[in-house]
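S.K.: What follows is a predicted structure for the sequence shown.
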Amino acid sequence: MPAIVSEVPLAISCVFSDGSTARFVLEDLPCRALVRDLLVGLVELIHPHGTVNAAGSVGHYEQSIRHLVRYLADRGFTGGASALSKPLMAEYWMGTSGPKEACTRRMLHGVQVAGGTIDDRLAELAAGRAFNPQRNHRQLPPYSEADWDKLIRTCKTITDETFARHRAALAAAERGRHPREHGWTAQNLRWLLARVGPVGVVAFGEHLGCSHNVVWQHGGVLDASRDLFPDLNTVIAYKLLFGAYCGIVPDGIDDLVADDIDWAGDSTILLSYIKGRTAAESLNLPRNAVRLLEQWLSHSALLRSHAGPNERTQLWLRLCQPGGTELSAKAGGGARMGIQRWVVRHGLLDSEGHPLKIHRSRIRTTFHASRDKTTWAGRGRATIDPNHTPAVEGDRYLTATTPAQQQAVEAIVEDAQHDLLRRAQPPTVLTEDRAAELARDYPRLVAELGLDNTALAELVGGDRDVFTAACADQLSGLHGPKGKPCPARPWICLLCPLSVFAPRHAVNLLRLRAFFSRNGSRCPPPSSWPYSVPTPTASTTSWTDSTRWSLPAPPSASPTPTPRSPCAPRSSHDDRCVQR
């Protein structure tokens with residue numbers, strides 16, 4: 001439904017895409033004809049005709065209309081938009097702010113779109129270059145690692161401590177009794193507040209049969225109210241932490257209601273919210289956001305039970321003041337000044353020692369910047385971002401700015417160097433002649449593998465054999481957790497430094513080669529491959545290392561496997577060669 005301009009009183013009524021409404025009355029302004037023309041032009045800018053789709057945005061245009069007509073009235077102007085002149089508006093625009101100039105320029109253009117009359121020279125000026133150009137609004141950078149940790153830690157401390165006090169107050173209320181009959185104690189006060197709700201000091205005294213002065217003299221009511229019912233300080237911490245966990249836009253978090261929470265299981269929530277620049281959206285909340293939302297629902301359950309039907313549906317319901325009676329769910333706690341006072345109250349400082357500036361949109365940016373990037377698609381080279389070149393990755397990401405980042409980069413480099421050195425070492429091969437002389441002639445090998453006489457005897461005797469080799473220590477494999485058997489496939493042993501090859505393994509090595517040959521015959525012909533693969537010879541298989549030894553060809557009694565179709569059935573014998 002489009003916006004509507006009413007004559008008596010002179011006002012504009014708006015209906016936005018999310019179903020919300022707003023009405024702005026401008027009856028008290030001078031230059032009534034000009035005000036009406038500007039409101040008609042504003043209608044062309046509001047949804048569904050234009051992009052203005054929120055009450056706050058329309059409020060900026062309302063303030064611009066008020067400022068313009070009062071400025072022109074002081075100079076004796078009494079006509080409508082058609083009576084405006086280029087010199088008069090140029091004087092106004094040169095002396096006003098950038099936002100007011102932009103709003104009035106757009107409304108004059110809207111007057112033309114609606115069929116109104118504007119002076120040609122003024123229309124040309126309004127469509128031209130602005131006297132007060134708007135600043136380039138760039139996205140705020142993510143918080144630094146240290147500031148982000150401080151913010152998360154502070155919010156988590158506040159939410160955990162207030163929730164712990166709330167649970168303790170509920171437990172005390174269960175043990176308490178009526179303070180009028182059983183005394184003025186902390187648990188008795190909490191017992192009465194839990195049952196009557198946030199009624200205020202005066203009504204609380206009436207339940208006790210005394211005046212509010214007596215209640216103030218005894219004290220304890222404010223502390224009990226602060227423990228039982230969440231206030232602004234607590235709501236700010238919950239909102240900031242919730243935004244850091246899920247990355248929802250700030251206006252979407254502020255406008256949440258209880259009906260937006262859709263439980264899809266015991267630990268899964270599908271949250272629906274309104275994004276002001278687009279429309280309704282939904283998000284499957286991460287696990288930590290689900291747990292935080294569960295904690296908030298439990299924290300605010302008592303206050304919600306004492307609220308009215310309309311207030312009860314609001315998610316971020318809070319008590320405006322401890323000991324008061326007014327409930328609120330407005331985004332006052334999300335306003336910049338309210339959050340900055342919260343920062344000063346809790347001593348949240350940035351890396352330079354100044355109060356940390358909290359921008360809720362910057363929290364969303366930091367959330368997206370710190371998400372796991374393992375689902376990115378791209379080339380295997382792009383371990384950081386497939387959309388960047390190696391030079392950009394090195395300049396932007398591999399430049400360590402914090403000690404933690406420096407340590408992570410050094411660990412990556414050390415792991416890569418270790419892998420290169422390990423792959424450069426040849427496999428350990430024992431022949432029959434040298435197996436008995438291993439301990440005497442190969443002290444370097446013994447030192448590298450960390451073997452003793454018992455382990456050497458087991459390696460030579462075959463007690464530590466796997467399929468293709470003997471393993472120096474199967475519980476210290478490089479391809480699985482320490483202390484558990486190595487889960488690697490048989491062909492991984494060919495490059496493992498813990499493997500020791502002896503002549504008795506030749507048969508299994510040939511069986512492994514036959515396995516690869518059979519599977520290679522099922523692949524497409526080499527002509528269809530993007531690269532060529534050398535074809536192994538069938539007569540001899542060489543396993544070369546520092547000792548340069550070769551295995552004989554397989555016996556002639558074993559026929560060469562016949563290539564077959566990939567769809568042909570396989571026997572159990574085909575896979576026995578790959579079982580350990």
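M.R.: Everything's here; your move.

S.K.: need the strands for the protein, in chain order.
M.R.: Using DSSP state E, the strands of the chain run over 4-6, 11-15, 21-25, 261-263, 269-274, 280-284, 318-319, 327-328, 428-429, 470-471, 499-501, 541-543, 549-551.

S.K.: Would you mind measuring from A146 to Q405?
M.R.: Separation of A146 from Q405 (C-beta to C-beta, to the nearest Å): 11 Å. Heads up, the C-betas are built off the backbone N, CA and C, glycines and all.

S.K.: Kindly report the same for S20.
M.R.: For S20 relative to Q405 (C-beta to C-beta), the value is 44 Å.

S.K.: How about D266?
M.R.: Applying C-beta to C-beta to D266 and Q405 gives a distance of 38 Å.

S.K.: Between these two, which has more neighbouring residues?
M.R.: Taking neighbours as other C-beta atoms under 10 Å, D266 and Q405 compare with Q405 leading, 14 against 6.

S.K.: ok, now which ones touch that one?
M.R.: The contact partners of Q405, taken as C-beta atoms under 8 Å, 6 or more residues apart in numbering, are E145.

S.K.: I'd like to know how far it sits from P141.
M.R.: 16 Å.

S.K.: Repeat that for L303.
M.R.: As judged by C-beta to C-beta, L303 and P141 stand 38 Å apart.

S.K.: ok so, going back, export the strands of the chain to JSON lines and tack on mean pLDDT and mean neighbour count?
M.R.: Formatted as JSON lines, the strands of the chain follow (pLDDT from 0 to 100; neighbours: other C-beta atoms under 10 Å):
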{"stretch": "strand 4-6", "mean pLDDT": "92", "mean neighbour count": "14"}
{"stretch": "strand 11-15", "mean pLDDT": "92", "mean neighbour count": "19"}
{"stretch": "strand 21-25", "mean pLDDT": "91", "mean neighbour count": "15"}
{"stretch": "strand 261-263", "mean pLDDT": "83", "mean neighbour count": "13"}
{"stretch": "strand 269-274", "mean pLDDT": "80", "mean neighbour count": "18"}
{"stretch": "strand 280-284", "mean pLDDT": "79", "mean neighbour count": "13"}
{"stretch": "strand 318-319", "mean pLDDT": "86", "mean neighbour count": "24"}
{"stretch": "strand 327-328", "mean pLDDT": "78", "mean neighbour count": "18"}
{"stretch": "strand 428-429", "mean pLDDT": "63", "mean neighbour count": "22"}
{"stretch": "strand 470-471", "mean pLDDT": "82", "mean neighbour count": "23"}
{"stretch": "strand 499-501", "mean pLDDT": "79", "mean neighbour count": "23"}
{"stretch": "strand 541-543", "mean pLDDT": "37", "mean neighbour count": "15"}
{"stretch": "strand 549-551", "mean pLDDT": "36", "mean neighbour count": "14"}
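
S.K.: Can you add distance to V221 and give those back as TSV?
M.R.: Shown next, in TSV, are those (distance: least, C-beta to C-beta, whole Å):
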stretch	distance to V221
strand 4-6	48
strand 11-15	43
strand 21-25	39
strand 261-263	33
strand 269-274	36
strand 280-284	40
strand 318-319	13
strand 327-328	17
strand 428-429	80
strand 470-471	73
strand 499-501	76
strand 541-543	86
strand 549-551	90
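
S.K.: Out of the ones you listed, flag the one nearest N188.
M.R.: strand 318-319 (20.5 Å; C-beta to C-beta).

S.K.: Run a quick neighbour tally on the closest residue to H60 other than its chain neighbours.
M.R.: Of all residues not flanking H60 in the chain, C103 sits nearest, at 6.0 Å (C-beta to C-beta, 6 or more residues apart in numbering). Here the number of neighbours of C103 (other C-beta under 10 Å) works out to 25.

S.K.: got it, and L303?
M.R.: 21.

S.K.: Which positions in stretch 21-39 come out as buried?
M.R.: 22, 24, 26, 29, 31, 34-39 (16 or more other C-beta atoms under 10 Å).

S.K.: now do stretch 308-320
M.R.: Going by neighbour count (16+ other C-beta under 10 Å), the buried part of stretch 308-320 is 312, 314-319.

S.K.: any idea how far V113 is from C246?
M.R.: Distance from V113 to C246, by C-beta to C-beta: 40 Å.

S.K.: Neighbour count: those two, which is higher?
M.R.: C246 (23 against 14).

S.K.: Model confidence for the more buried one, exactly?
M.R.: At C246, the pLDDT value in this model is 89.

S.K.: With the one 10 residues further on instead?
M.R.: At L256 the predicted local distance difference test score is 86.

S.K.: L72 now?
M.R.: Value for L72, per-residue pLDDT: 94.

S.K.: What about it, how many residues nearby?
M.R.: Other residues within reach of L72 by the criterion other C-beta under 10 Å amount to 20.

S.K.: can you check Q417 too?
M.R.: 10.

S.K.: same thing with A55?
M.R.: 15.

S.K.: now do the one 3 residues further on
M.R.: Using other C-beta under 10 Å, V58 has 22 other residues around it.

S.K.: Quickly list the domain ranges of the chain.
M.R.: Annotated domains of the chain cover 4-127, 138-157+229-371, 176-228, 404-522+540-580 [automatic domain parsing].
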